[in-house]
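Trainee: Model the following, please.
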Amino acid sequence: MAVMAPDRPQAPSTEDEPVEIPERPGAFGLADTGVLVSCAASTFMFVWLLFFRIAPLSGVVGFGICWYLLFLAAYWFVVRELDGPVLAGDRLMAVVVTSAAIAMVVPLFLILGYVTAKGIHALRLSFFFRTMRTVGPLASATAGGAAHAIVGTLEQVAIAVVLTVPLGFLCAICLNEIGGPLRRPIRIFVDAMSGVPTIVAGLFVYAIWVARFGFSGFAAALAISISMLPIVTRTSEEVLRLVPGGLREASLALGTSEWRTVWGVVLPTARSGLITSVILGVARAIGETAPLIMTAFGASVMNANPFKGAQSALPLFIYKQMTESSVASVQLRAWTASLVLMLMVLVLFSLARLVGSRAAKRGRLRRAPEKYR
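Mentor: Residues are numbered from 1 along each chain as shown. Okay, the predicted model is just below:
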């Protein structure tokens, strides 16, 4: 009698079958752009009809809030129907974060544009080389210049940086690398300094320095450095925390001392972040006005000696031009000085970034093997 052989399982087909690859949450193509624009346009028209044609509603702020909320709801629903709930949640949060970034950047560009539009009319090359020695209250906006204020600002900020940066870096190293029982009191003291108004720093310097030696640019630099120190210290501490602990352990395992590890490993690794902390400190210091009133006092002539006599600065120059006269030409000169101050900040930041990037590149080349150079 014949015996039937059991059925053998068939081998899987070797033919390539199309496999559906799920779309990555970060992918955003042309069709996704069309969905976004369509939802924004349709909800905008709906809210416009509701506000100005159907319901007795008005107000730009209310219109914007209602449109934005309805747009988020509509966009989430459409993406959910097309691509699923995972992509819908991801795209919704991407829209919210991007909207917040735009809301932060747009006012900045509006300020920059407004100051540029107001100050560009009186900006001349002579503004950088003349002073206010022979300029009267009824002179035109192009008469005179702010050379004495520009020199005073550069000298005061430079002295403040020289005084603040080493002390701020040492405090950050003490808080992050050394520690000990003084770590908590120092951190509390630094945090308390960050909340002190700058005018208090000006009063302090006035009491201990100006009352004895008189007004000077150095006194202004002391007041500015008080406001810079907590920013540089706290930012540098956070940057040093980002350095991987494995680098410290490897250096110490090779027999290197702790101070040599900090100097040769930790600080070069955090170089770009430390430069950023200095930039933040300079951004805080270069626009201060209140402490300068009680320390530098201001002058209408050139005083290149920051250690003797009253000295002007661009924030103080702007303040006096705007408050001491209501003449349009004088206030226009203040807007020009504001534009010059913004340009100075931009140039200083660009130079700091350039120096930091080149130093970091040289460090990477030194550490790279010879065959990869």
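Trainee: Please enumerate the helices of the stretch 151-300 of the chain.
Mentor: For the stretch 151-300 of the chain, the helices defined by DSSP state H, counting those that start in this stretch occupy 183-194, 198-205, 211-213, 217-241, 245-253, 258-261, 267-269, 271-285, 290-295.
Trainee: could you dump the ones you listed to CSV with mean neighbour count and mean pLDDT?
Mentor: All C-beta spots, glycine's among them, are computed from the backbone N, C-alpha and C. Output for the helices of the stretch 151-300 of the chain, formatted as CSV (neighbours: other CB atoms under 10 Å; pLDDT from 0 to 100):
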stretch, mean neighbour count, mean pLDDT
helix 183-194, 13, 86
helix 198-205, 19, 90
helix 211-213, 9, 91
helix 217-241, 25, 91
helix 245-253, 12, 86
helix 258-261, 14, 86
helix 267-269, 18, 87
helix 271-285, 20, 85
helix 290-295, 24, 90
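Trainee: Among the ones you listed, which comes closest to Phe349?
Mentor: helix 271-285 (5.6 Å; CB to CB).
Trainee: what packs against the helix or strand containing Gly62?
Mentor: According to DSSP states H and E, Gly62 maps onto helix 60-83. Other elements packing on helix 60-83 under the criterion 3 or more CB pairs under 8 Å, 6 or more residues apart in numbering; DSSP states H and E are helix 30-49, helix 85-119.
Trainee: and those as CSV, adding mean neighbour count, mean pLDDT and distance to Phe189?
Mentor: What follows is these, written out as CSV (neighbours: other CB atoms under 10 Å; pLDDT from 0 to 100; distance: least, CB to CB, whole Å):
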stretch, mean neighbour count, mean pLDDT, distance to Phe189
helix 30-49, 14, 89, 49
helix 85-119, 13, 90, 31
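Trainee: Throw those into CSV and include distance to Val265, thanks.
Mentor: Output for these, formatted as CSV (distance: least, CB to CB, whole Å):
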stretch, distance to Val265
helix 30-49, 45
helix 85-119, 35
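Trainee: what about stretch 192-204, distance to the chain center?
Mentor: 22 Å (CA atoms, centre = their mean, to the nearest Å).
Trainee: try stretch 117-128
Mentor: 26 Å.
Trainee: same question, stretch 229-239
Mentor: With CA atoms, centre = their mean, you get 14 Å for stretch 229-239.
Trainee: circling back to that earlier point, who wins for proximity to Trp76 among the helices of the stretch 151-300 of the chain?
Mentor: Nearest of the helices of the stretch 151-300 of the chain to Trp76, taken as CB to CB: helix 217-241 at 35.1 Å.
Trainee: Report the angle between that closest one and helix 198-205.
Mentor: 120 degrees (axes from the mean of the first three to the mean of the last three CA atoms, to 10 degrees).
Trainee: And helix 217-241, what does it pack against?
Mentor: By 3+ CB pairs under 8 Å, 6+ apart, helix 217-241 packs against helix 147-173, helix 183-194, helix 198-205, helix 271-285, helix 290-295.
Trainee: so which of these comes closest to Ala334?
Mentor: Closest among those, using CB to CB: helix 147-173, at 10.9 Å.
Trainee: Would you mind listing the buried residues in that closest one?
Mentor: Within helix 147-173, the residues scored as buried using 16 or more other CB atoms under 10 Å are 147-157, 159-161, 163-165, 168-169, 171-173.
Trainee: by contact count, what packs against it?
Mentor: Taking 3+ CB pairs under 8 Å, 6+ apart as the contact cut, helix 147-173 packs with helix 217-241, helix 271-285, helix 314-323, helix 328-367.
Trainee: Distance to Asp32 for these - can I get that in JSON lines?
Mentor: JSON lines is the format used below for these (distance: least, CB to CB, whole Å):
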{"stretch": "helix 217-241", "distance to Asp32": "36"}
{"stretch": "helix 271-285", "distance to Asp32": "34"}
{"stretch": "helix 314-323", "distance to Asp32": "47"}
{"stretch": "helix 328-367", "distance to Asp32": "34"}
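Trainee: so which of those helices comes closest to Gly264?
Mentor: Gly264 sits nearest to helix 328-367 of all the helices and strands packed on helix 147-173, at 10.8 Å, using CB to CB.
Trainee: Can you list the low-confidence ranges for the stretch 251-373 of the chain?
Mentor: Within the stretch 251-373 of the chain, the set of residues satisfying pLDDT under 70 comprises 355-373.
Trainee: Correct me if wrong: Thr142 contacts Leu125.
Mentor: No. Checked against CB atoms under 8 Å, the pair Thr142 and Leu125 is beyond contact range at 10.6 Å.
Trainee: Which one of the two is surrounded by more residues?
Mentor: Neighbour tally, Thr142 and Leu125, criterion other CB atoms under 10 Å: the higher count belongs to Thr142, 17 against 8.
Trainee: where's the more buried one relative to Val301, distance?
Mentor: Per CB to CB, to the nearest Å, Thr142 is found 19 Å from Val301.
Trainee: on that earlier part again, tell me which of the helices and strands packed on helix 147-173 sits nearest to Pro306.
Mentor: That would be, of those and by CB to CB, helix 217-241, which comes in at 3.1 Å.
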